Structure formats: structure tokens, C-alpha cells
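Colleague: here's a sequence, model it:
(chains A and B)
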There are 2 protein chains.
Amino acid sequence: MHRKTPTINSQTVIAETRQFRIESLELEFSNGQFRHYERLLRGSSSGAVLVVPMLDKDTVLLVREYAAGLHRYELGLPKGKIDPGEDNLTAANRELKEEIGFGAQRLQHLHTLSIAPAYLEHVIDIILAEELYPEKLVGDEPEELEVVPWSIHKIDDLMMSGECSEARSIAALYLAAEYLRKS
Amino acid sequence: MHRKTPTINSQTVIAETRQFRIESLELEFSNGQFRHYERLLRGSSSGAVLVVPMLDKDTVLLVREYAAGLHRYELGLPKGKIDPGEDNLTAANRELKEEIGFGAQRLQHLHTLSIAPAYLEHVIDIILAEELYPEKLVGDEPEELEVVPWSIHKIDDLMMSGECSEARSIAALYLAAEYLRKS
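Modeller: Here you go, the predicted model:
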């Protein structure tokens, strides 16, 4: 059974800040039910990348970075926005150079994940980065990020550390580990 | 190395809608760098639950639900907000009854995940639900959700289906599968 997607009877931007745009939707479902929804739009961004940088077959490089939403440091994968004119692999390589001081000879797109599709338009491309080489670019980070090597097959230990809560990083690590096991 | 969390020099709600609240932050990092950040607050919500309902040792029950952020149907785990006065297990059991027509004799909290901690305050509790029994409660869904049984050890097939993009559901399925393998 595949239902017809609800009809959007009206859509209006009801709030806009430097970083966010909130839209109000009046929806009609295929069974005739009406609902008012709100969702967050991506703004002007061309998308985002989450990078799984493999130092060797087993070791992924994580970063410890301040996360304003939770007001604490989080251990997770390097990530960032795709700049205008960049493709996702170029953006991933630039973010790697800025955040962990490595470029990658080999980059591939594994999956595209959504974050909270019920109310966010945002999606993020998961990029596997292999064959790393040292190269540092200066980014816009307020402070140098701490790089933390971790075994990609010890995701349960990462969860137990209490430092990594981000669903995107966890999903990406499991997906990359599964891909690497099979390849 | 554990850095001192940045100091919040000022914080102001700059936009508020029925569902969202956006806050502006002026931050000072421990190295003296200043930054302007924005983040989305949870509003009045008491939190949220994402439920992994196991029909048997292998079969998880997914739901196909309209996702306004992406304006498409998504296949994922049942989820919902914790109502005032509820704990997370009670909320999980209520959501199960509303969304898939089952209650659970056995509920346990596996992990708490964040979604995009750089700019969202939101977190969600992952609840494993076992020993299901039929019981239907009427919720506030605009339409009956389609329930889709899936093998919890075939997450790669779920990704290949193109119907499941949500990082939270994917992370929760991998974490639950790993927990079940070890228990």
C-alpha cells in the first residue's frame, strides 16, 4: 500500500533568523483529514556532509567539538556544510583538512540520511574517506578540534563513553563498518 | 584533554512559533574567541521516545508515516513526545498502542540520542519493547499508520529500499540489534 502524499493547501514562512527559517503548512491527507504542521527549512544551504575518515582498516578519526544545542562537547564525526559550487566529495575533503588535518585520496558517498524528517528538511551525505594524507586547511572553527582515534568496530564502547550521543554519527559509523566488513 | 565549556555571555529567544523556539547565543570559547550561535529549543516538551518493538527475536515492527520535513512517507520506528506526567516507558507503551496496535510487557531504556547537537536541544530516548500483546489506543495521527514487519538483522536491505533515511531510526535499529545479539 502506498498512499498519496498529502496535499499542501498553503505554505508560509512564519519566522526567519540568520540561521533558520520556519514554515507553516496546511495539509490535507488522502483520507480528507486536515492538519496544521510546522517545519524547519534548510535556508540557503546546499546540503551538508558527515565524513567517516579511516586512518587504517580499523581506525576512524573522531573529533571532540563544542555542540551549542546541548551546550557540551560531543565526540563525533567531522561534518560541515557544502559550500556553493562544491560537490559533496569536495566539501568532505575540505572539511577533513580543516577539522582533522588530513585529506583523502579516496572518497565515496555511502548514504544520505535525514535527521528528523517529521519537522526538518535537513539531510546529510555520509562520505567514506580512505587513503588519508596529512594536509591542513584553516577553517572557521573557533578553536582547534581535538582528534580522537577510535576502532570503528567498537561503537558500543563509544556509546558507553557517554561522550557521543549524536544519532547521525552513530548511524554513519554502523553503516560504514558494515560496508567495510563486506568490501 | 577536556576543555572548559564556552561561557554563554548572553542568550535571547529571537523567534517563537507554535512548535519552535529559536535562541541566539553569544559565546566565549576558552581560548578567548567569540562566536554568535543560534540553536533550536525543545519548547515545552518533556522529551521524546523512539520505540524498537520486537514482535519476536528477529522481527521489528516499523511504521510508514508521512514526514512533513521531507514531504514524503518514511519507513521508521514508532515515536512520539512524552506527555506531562508520563515517564519514558509509559510514553513508549502509549505510542505503541496508538501507532501499531500493540502494548509491551517488557520495556527498557537503551540509550538517549541527540539529533543534531550543534544546533538542536532535542534528545530522544531509545526504548526496546518486547513481549508484545494486541491493544489499540486512538492517538492524534491524521491517518492510520501502515505497520511493516522487518528483520532487525537486515538493516542494509532497509537502507536499500530507499524508504528509510532517518538517522535516529537507523542508529536505534543497529544499537538494538547489537544489544539483542549480546543478551
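Colleague: do stretch A:47-55 and chain B meet?
Modeller: No. Shown here: stretch A:47-55 not in contact with chain B (CB under 8 Å from any CB of the partner chain), separated by at least 8.9 Å. For the C-beta atoms, the positions are set from N, CA and C on the backbone; glycine is no exception.
Colleague: roughly how far is that stretch from the heart of the chain?
Modeller: Offset of stretch A:47-55 from its chain centre (CA atoms, centre = their mean, to the nearest Å): 8 Å.
Colleague: care to break chain A down by domain?
Modeller: Using automatic domain parsing, the domains assigned to chain A come out as A:7-41, A:48-182.
Colleague: what about the first one, start to end distance?
Modeller: In domain A:7-41, first residue to last residue: 18 Å (CA to CA, to the nearest Å).
Colleague: now do the last one
Modeller: Using CA to CA, the end-to-end distance of domain A:48-182 comes to 26 Å.
Colleague: before we move on, what about stretch A:50-58?
Modeller: Start and end residues of stretch A:50-58 are separated by 18 Å (CA to CA).
Colleague: what residues of the lengthiest helix in chain A count as buried?
Modeller: Longest helix in chain A by number of residues (criterion: DSSP state H): helix A:167-182. Using 16 or more other CB atoms under 10 Å in any protein chain shown as the test for burial, helix A:167-182 gives A:167-177, A:179-180.
Colleague: ok, stretch A:11-31 next?
Modeller: Under 16+ other CB under 10 Å, the buried positions of stretch A:11-31 are A:15, A:19-25, A:27, A:29.
Colleague: re earlier: do the longest helix of chain A and chain B meet?
Modeller: Yes. Legend: contact between helix A:167-182 and chain B by CB under 8 Å from any CB is shown at A:167-168, A:170-172, A:174-175, A:178.
Colleague: which among the residues you listed gets closest to A:Pro142?
Modeller: A:Pro142 has its nearest neighbour among the residues of helix A:167-182 next to chain B in A:Arg168, at 21.3 Å by CB to CB.
Colleague: just the helices in chain A please.
Modeller: Listed in chain order, the helices of chain A (DSSP H) span residues A:88-99, A:155-160, A:167-182.
Colleague: can you put those in CSV and add mean pLDDT?
Modeller: Listed next are these as CSV, based on pLDDT from 0 to 100:
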stretch, mean pLDDT
helix A:88-99, 97
helix A:155-160, 94
helix A:167-182, 96
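Colleague: any chance of these in a markdown table, plus distance to B:Glu146?
Modeller: A markdown table is the format used below for the helices of chain A (distance: least, CB to CB, whole Å):
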| stretch | distance to B:Glu146 |
| --- | --- |
| helix A:88-99 | 32 |
| helix A:155-160 | 31 |
| helix A:167-182 | 23 |
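Colleague: before we move on, the earlier item: contacts with chain B among the buried residues of stretch A:11-31, please.
Modeller: Residues of these in contact with chain B (CB under 8 Å from any CB): A:15, A:19-20, A:22, A:24-25, A:27, A:29.
Colleague: mind putting those into CSV with pLDDT?
Modeller: Output for these, formatted as CSV (pLDDT from 0 to 100):
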residue, pLDDT
A:Ala15, 94
A:Gln19, 88
A:Phe20, 91
A:Ile22, 94
A:Ser24, 95
A:Leu25, 95
A:Leu27, 95
A:Phe29, 95
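Colleague: contacts for stretch A:54-63, please.
Modeller: A:52-53, A:75-78, A:99-100, A:102, A:128-130, A:132, A:145-153, A:158, A:164, A:169, A:173, A:176, A:180 (CB atoms under 8 Å, 6 or more residues apart in numbering or on different chains).
Colleague: with respect to B:Gly85, which of the helices of chain A lies nearest?
Modeller: Within those, the stretch nearest B:Gly85 is helix A:167-182; the backing value is 26.5 Å (CB to CB).
Colleague: now the angle from that closest one to helix B:167-182?
Modeller: Orientation note: helix A:167-182 sits at an angle of 60 degrees relative to helix B:167-182 (axes from the mean of the first three to the mean of the last three CA atoms, to 10 degrees).
Colleague: does A:Tyr73 touch A:Glu163 like I think?
Modeller: Yes. Under the criterion of CB atoms under 8 Å, A:Tyr73 makes contact with A:Glu163 at 7.3 Å.
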